[in-house]
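S.K.: Sequence plus the predicted model coming up.
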Amino acid sequence: CREMDQFLAGVDLLVVPGGQGRSLGITNLTCHPCAVAPCGFREDGRPYSATFIGHLEDEARLASFVAAWQRSTEYHWRHPKL
């Protein structure tokens with residue numbers, strides 16, 4: 001938990017690819033809040049997402065950032081072609 005706090009020092013939040021890497025496991029183990037939001041589509045039409053990771057006990061700033069992200073994009077309104 002302390003190592004993650006040090007890693008996040010100096011930034012408001014961290015943005016990593018959704019569904020890739022170890023970010024979910026790390027946030028589950030360290031209790032850092034995270035939110036996942038759509039951020040585009042691959043060339044084959046499949047959607048992909050971004051994971052936003054915030055500071056401990058700072059869910060409000062994380063939620064505000066993700067809400068601003070969604071207001072500035074239209075990814076959450078789009079659906080993949082079936």
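M.R.: Ah, there it is.
S.K.: Helices of the protein, start to end?
M.R.: Along the chain, counting by DSSP state H, helices occupy 2-8, 23-30, 59-72.
S.K.: would a markdown table of those with mean neighbour count and mean pLDDT be doable?
M.R.: All C-beta spots, glycine's among them, are computed from the backbone N, C-alpha and C. What follows is the helices of the chain, written out as a markdown table (neighbours: other Cβ atoms under 10 Å; pLDDT from 0 to 100):
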| stretch | mean neighbour count | mean pLDDT |
| --- | --- | --- |
| helix 2-8 | 12 | 92 |
| helix 23-30 | 15 | 86 |
| helix 59-72 | 13 | 95 |
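S.K.: Out of these, the one nearest Val15 is which?
M.R.: helix 59-72 (9.1 Å; Cβ to Cβ).
S.K.: that older thread, reformat the helices of the chain as CSV; add distance to Val15.
M.R.: Shown next, in CSV, are these (distance: least, Cβ to Cβ, whole Å):
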stretch, distance to Val15
helix 2-8, 12
helix 23-30, 10
helix 59-72, 9
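S.K.: Report the contact partners of the residue lying closest to Phe7 once chain neighbours are set aside.
M.R.: Leaving aside its chain neighbours, Phe7 sits nearest to Leu14 (7.9 Å; criterion: Cβ to Cβ, 6 or more residues apart in numbering). By Cβ atoms under 8 Å, 6 or more residues apart in numbering, the contact set of Leu14 is Phe7, Leu8, Phe52, Ile53.
S.K.: how far away is Leu14 from Phe52?
M.R.: Going from Leu14 to Phe52 by Cβ to Cβ, to the nearest Å gives 7 Å.
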